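Novice: Everything below, folded, please.
(one chain, ligands or ions: 1)
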Amino acid sequence: MNREQAKAKIEKLSKELEEHNYRYYVQDEPSISDFQFDKLLEELIQLEKEYPELLSSQSPSQRVGGTITKEFKTVRHKYPMLSLGNTYNEEELRDFDERIRKTISDAFEYICELKYDGVSISLTYVKGELVQAVTRGDGEKGDDITANVKTIRSIPLRLRGKGFPDEFEMRGEIFMPKQVFLNINEAIRKQLAEDGFSEEEIFEKILKNPRNATSGTLKQQDSKAVAARRLDCYLYAMLGEQLPFTKHYENLMEAKKWGFRVSPHMEKHSSLKDVLKYLDRWDKERHDLEVETDGVVLKVNSYDHQRVLGFTAKSPRWAIAYKYKAAQAATELLAITYQVGRTGAITPVANLKPVFLAGTTVKRASLHNADIIEKLGLHENDTVLVEKGGEIIPKIVGIVLEKRKRSAATVQYIVECPECKTKLIRRPEEAAHYCPNYLGCPPQIVGNMVHFVSRRAMDIDSMGGETIEALYSAGLLKSFADIYDLKAEDMLKLERMGEKTVENLIKGIEASKQIPFERVLYALGIRHIGETTARKLAFSFRNIDTMMSSTAEGFLEVGDIGEVIANSLAEYFADARNSEIIRRLRKSGLKFELSEEALANTSEKLKGLTFVVSGTFTKFSRDDLKKAIETNGGKVSGSVSGKTSFIVAGDNMGPEKLKKAEKLGVKIITEDDLSKMIA
Ligand code: IVH
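Specialist: Numbers count the residues shown, from 1 in each chain. Below is the predicted model of the structure:
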């Protein structure tokens, strides 16, 4: 293919991809499969790689991301981005309507729209191409997040049709669809649970609500990370000097033809009565939408009327937001059950009389810990108020005291483990209660075994949760150390264990003996020891014996290991039953020291030095750099302090870190300098 042909092909592919994008994301009527789409996109990306000079900044290939923005440029808005006045009840809405009728004497229309709960964005199009996407910021100036916004598939990079002004702005709300939010949280939750975090700690770490998640995503420096998050956008305003119509609604209908995903929930109404009907209807139906909404926006349609009405200091007089109350329902508390996690953390769960709320039936709500129950002052069989805010996970927010029976007793938190009757403990620094019987409490034993064989640990994939349950019930497995003593003839006696299954199990178990030390360490399931910490420990202690003879202070010497982890390790190794498990696993042939190969790549060159790695790098990933420091005996720390020896700085190092480094006189080096230090 010559250059001319390549150019034609790129144009053709771009057109096709744009068309499919539009059909899929805007019209919701895809005409090719995702697979076919990806094939075309791949072809385009390949061609653009071969002919980089033919790459346009509006190419559909921009959707996959990969642009790193070091610092978002601040841009002044051509038209300020105002906020809206809020109303919370019908009364205030009537006042708004009256004020308008006093000013506007002729007939006028309201446009009713939903108020989407996301992040507002201003998109500038010049000659039909998206040239800039800016956040609201303080309303006057915002951040230029164009590269990130280009990854949002429903936002057109090039417009379709004709008749659009040479230059104009579209404004709308970027949001994370509820299902995307739930899926991401589920994945985070699964990973954290596997790493042994308690329900409580997981709750602290997961995304709080779709709006927060959207705003966090849009601030990412790497647009690939944004592309992965599947954000979406509804557009709800057009601004410019040469708009096709003099009315809001009509312009938006026109914008649809140009390929914009205009809010589909807009309606035109002339009377307040009809507006109120719209409010009522959507208070119920909004829960079925893919996007989180928190109210309705009412706008006067005609720009002439808007001009007459004008603005207050902060918001237009021609528009108002009506905020819905967070969906709440009253229902009876039937019982509190207590779940025991793999690490023994207890999670109290309220079992409720099923009640329909915001689109789903709520039967349970997490109570998190004893403090929350106490703060609520929960009594048995109380009628409780459940709320679903932006959080999606239902929450008990209050109690209907009038409904409490005189005889009702206060809820008493359990003192014994519901599964094994061991007395629960509560560490002073933690909110959760724990069952300390981790070697004798069934859900903990099974949970620990499931973790032990999991993919990132010992990777015995022939041994799933069900098999473990079966082997445990049959008495063949009492702890994961027993896995290596399993005999084919015993397993064959169990129901649903055929020859092939058993053969695979034995093979998988045998193969797992080759898993390197750092993963064996992770597999042990020591509380708070995730994959990264396990790696650090393995490279810093080299074998299990030095770890077993270390004190808590010794563990604190390893970079990024704090008291919680150090104490957890010391406690673990102080327990003779754990030493026994390790002894048995070692006898079975598992690896309890770093391999020759891993050792060959390690040195003591950076011994005694502490590094902070900050910014984005070109040759290595940040993780690679950290690993390289650790495998060469250095420590990596997250924050700059008097102890920091060097900062390995990439592009766009955090300004706070830089300031602190300068103040403390810490040496700043590049990734190349580091390479030389360990070469
Ligand atoms: S119009 C001057 N329409 O609500 C009018 N805003 O408090 C500007 N929002 O910053 C906004 N849905 O982020 C408008 N259909 C809608 C909206 C909407 C959500 C957000 C937007 C804005 C905030 C105003």
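Novice: Find the helix or strand that Asp459 is a member of.
Specialist: Using DSSP states H and E, Asp459 is not contained in any helix or strand.
Novice: so how many other residues sit close to the residue in the stretch 401-550 of the chain that the ligand sits nearest to?
Specialist: Closest residue of the stretch 401-550 of the chain to the ligand, Cβ to the nearest ligand atom: Ala431 (34.9 Å). Placement of C-beta: from N, CA and C, glycine included. By other Cβ atoms under 10 Å, 16 other residues sit near Ala431.
Novice: secondary structure element for it?
Specialist: Per DSSP H and E, there is no helix or strand for Ala431.
Novice: Quick check: closest non-adjacent residue to it.
Specialist: Spatial nearest neighbour of Ala431, excluding adjacent residues (Cβ to Cβ, 6 or more residues apart in numbering): Asn369 at 4.3 Å.
Novice: ok, now how distant is that neighbour from Gln412?
Specialist: Going from Asn369 to Gln412 by Cβ to Cβ, to the nearest Å gives 14 Å.
Novice: just to revisit the earlier point, need the contact list for the residue nearest to Ala431.
Specialist: Listed by Cβ atoms under 8 Å, 6 or more residues apart in numbering, the contact set of Asn369 reads 200, 347-348, 431-433.
Novice: Could you check the pLDDT of the residue in the stretch 301-450 of the chain positioned nearest to the ligand?
Specialist: The stretch 301-450 of the chain approaches the ligand most closely through Pro316 (4.7 Å), counting by Cβ to the nearest ligand atom. Pro316 carries a pLDDT value of 95.
Novice: For it, grab the count of nearby residues.
Specialist: 17.
Novice: So it is in contact with Leu82, correct?
Specialist: Yes. In terms of Cβ atoms under 8 Å, Pro316 counts as a neighbour of Leu82; the distance is 6.1 Å.
Novice: list the buried ones in stretch 170-189?
Specialist: For stretch 170-189, burial by neighbour count (16 or more other Cβ atoms under 10 Å) applies to 170-178, 180-181, 184-185, 189.
Novice: just these that are near the ligand?
Specialist: Near the ligand, judged by Cβ under 6 Å from any ligand atom, the entries from the buried residues of stretch 170-189 are Glu173.
Novice: Helices - which of the buried residues of stretch 170-189 land there?
Specialist: 178, 180-181, 184-185, 189 (DSSP state H).
Novice: And the furthest pair within the residues you listed?
Specialist: Greatest spatial distance among these (Cβ to Cβ): Lys178 and Arg189, at 15.9 Å.
Novice: Look up which residues are beta-bridged to whichever residue of the stretch 501-650 of the chain sits closest to the ligand.
Specialist: With Cβ to the nearest ligand atom as the measure, Thr616 is the residue of the stretch 501-650 of the chain nearest to the ligand, at 29.4 Å. Taking DSSP bridges as the rule, Thr616 bridges to Asp651.
Novice: and it, what does it touch?
Specialist: For Thr616, the contact set (Cβ under 8 Å, 6+ apart) comprises 68, 70, 221-222, 622, 650-652.
Novice: My assumption is that Ser122 lies in a strand; please confirm.
Specialist: Yes. Counting by DSSP: H, G, I helix; E, B strand; the rest coil, Ser122 is found in a strand.
Novice: didn't it look like it was pressed against Pro80?
Specialist: No. Judged on Cβ under 8 Å, Ser122 makes no contact with Pro80 at a distance of 10.1 Å.
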